[in-house]
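Student: Here is a sequence together with a model predicted from it:
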Amino acid sequence: MSMNHGNTGLLMSASVALAKRELIRFFRQRTRVIGAIGQPVIFWILFGAGLRSSFQSPSWAIGLQRPLTYQEYFFPGIAVLIVLFTAIFSTISIIEDRREGFLQGVLVAPVSRAAIVAGKLLGGTTLALIQAGLFLVIGPLLSAVGLAPDFDPDWTLMRLLSAGLFLTLIAVELTALGFLIAWPMNSTQGFHAIMSILLMPMWLLSGAFFPGEKAGWLSWLIRCNPLTYGVAGLRRLLYAETLPSSPELPSMILCIVVTLGCSLMFFLICVRLTSRPAVSNVV
């Protein structure tokens, strides 16, 4: 019994230490703070202003109490984009740690590979939640000062807390995916290439940027994209919680199941990947 408690305590201590290191590193690099939240906010303001006149509200939005504007439609997608950027920035440090020799020291430490993965995910998820949560708060403030005039949310504290919990799940999913991509790589250039051809298209094809119901063959890619259910779930929690489910707006239960299932699957693959001798020899 005491041995199990000791192992659990060691695992938690190692995970918390790695997560704390991620937080310290992030807040010492101010450009990362600006880049992770500044660019998405600019996207939201500019695209919201430029596309509001040509936006056709999706069919599921008919059940809302008032017409859905483009800035309101785009808002959950931008929150997920902030989480995606944070996941990218936090997991690319794996490559930097390998170059500096820190990762070798972690791998030979008497801790399980699960603790290493959990620490990285805990740090990335915490950073993502801080930034995305801040965006949920400043969105209405930007509307109040006239930068987002078409955005007028009617949110309660319970809605924001529910959205924050679901964003945490999305952050775990995307950070684990970023870890999975970054672990076998030796160059940041290769990671950025994967980001350009996989992660950004994954976000674009999640229903975050445009409704997928009239997108033809793209609508099938949107439905097969696991991130679609993250964006749809967040959109339900903020706007359309009571609307019936449809292919473009899946039920909340399905959104939770898919996002939770992908998070767990990515985590287990990451643990298995870090345990492979061939990978350990490379790093």
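Tutor: Thanks, I have it. Numbering: from 1, shown residues only.
Student: which SSE is Q71 in?
Tutor: For Q71, the host element (DSSP states H and E) is helix 70-91.
Student: Which residues belonging to that helix are considered buried?
Tutor: Using 16 or more other Cβ atoms under 10 Å as the burial criterion, the residues of helix 70-91 that qualify are 70-91. Just so you know, the C-beta spots here come from the backbone N, C-alpha and C atoms, and that holds for glycine as well.
Student: other SSEs contacting it?
Tutor: Counting contacts by 3 or more Cβ pairs under 8 Å, 6 or more residues apart in numbering; DSSP states H and E, helix 70-91 is packed against helix 2-28, helix 30-51, helix 113-144, helix 157-182, helix 200-204, helix 226-235.
Student: For the closest residue to P247 other than its chain neighbours, give its distance to E213.
Tutor: Taking Cβ to Cβ, 6 or more residues apart in numbering, and ignoring the residues beside it in sequence, P247 has R223 as its nearest neighbour in space, at 6.1 Å. Separation of R223 from E213 (Cβ to Cβ, to the nearest Å) stands at 10 Å.
Student: Contact partners for G119?
Tutor: Listed by Cβ atoms under 8 Å, 6 or more residues apart in numbering, the contact partners of G119 are 14-19, 22.
Student: pLDDT wise, what is the nearest residue in space to it that is not next to it in sequence at?
Tutor: Closest residue to G119 apart from its sequence neighbours, by Cβ to Cβ, 6+ apart: L18 at 2.8 Å. As summarised for this prediction, L18 has a pLDDT of 75.
Student: Run a quick neighbour tally on L18.
Tutor: As a burial measure, L18 scores 21 neighbours (other Cβ atoms under 10 Å).
Student: go on, M252?
Tutor: Neighbours of M252 (other Cβ under 10 Å): 19.
Student: Identify the residues contacting it.
Tutor: Contacts for M252 were tallied using Cβ under 8 Å, 6+ apart; they are 233, 236-237, 241.
Student: Could you pick out the buried ones from those?
Tutor: Taking 16+ other Cβ under 10 Å as the criterion, what is buried in the contacts of M252 is 233, 236-237.
Student: ok, I45 to S251 distance?
Tutor: For I45, the distance to S251 - Cβ to Cβ - is 31 Å.
Student: Same check on I34?
Tutor: Using Cβ to Cβ, I34 is found at 37 Å from S251.
Student: do the same with C262
Tutor: In this structure, C262 and S251 are separated by 17 Å, where distance is defined by Cβ to Cβ.
Student: So these two - more neighbours on which side?
Tutor: Legend: neighbour count by other Cβ under 10 Å for C262 and S251, higher for C262 (21 against 16).
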